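Asker: A predicted structure for the sequence below; I have some questions about it.
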Amino acid sequence: MEVAKVSSKGQITLPIAARKKLQLKTGDKIVIQEENGRFYFDNAALVAFQHVQKAFEGAAAEAGFASEEDMQDYMKEIRKEVRGY
């Protein structure tokens, strides 16, 4: 269990062990979620990435890509068209 002190401005300093577990660096943002009267802190960037990952789950297969290589080849073709060579 980690303990953090609240300043007169309502600020807290997260202990280094908590920052490491959350993979937080200076300037990163956190998400504070409440569930059943308990509060949970998460790395905002990681939470956003997880939501994007979930939203795109299965999109490559739906688009007809059988492998990652297929998708990379398609991206190369698009780049050629955009650049004109």
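Answerer: Received it, and whenever you're ready, just let me know what you need.

Asker: What is the helix or strand encompassing Gln50 packed up against?
Answerer: Per DSSP states H and E, Gln50 falls inside helix 44-56. With contacts taken as 3 or more C-beta pairs under 8 Å, 6 or more residues apart in numbering; DSSP states H and E, helix 44-56 sits against strand 30-35. Placement of C-beta: from N, CA and C, glycine included.

Asker: outside of the strand it packs on, which residues touch it?
Answerer: With contact meaning C-beta atoms under 8 Å, 6 or more residues apart in numbering, strand 30-35 is reached by 22, 24, 39-44, 47.

Asker: Tell me what angle that strand forms with helix 44-56.
Answerer: Going by axes from the mean of the first three to the mean of the last three C-alpha atoms, to 10 degrees, strand 30-35 is angled at 70 degrees with respect to helix 44-56.

Asker: avg pLDDT for strand 30-35?
Answerer: For strand 30-35, mean pLDDT rounds to 94.

Asker: rewinding a little: next helix or strand past the helix holding Gln50?
Answerer: Later in the chain than helix 44-56, the nearest helix or strand by DSSP H and E is helix 59-62.

Asker: Run the chain-centre distance for that following helix.
Answerer: 21 Å (C-alpha atoms, centre = their mean, to the nearest Å).
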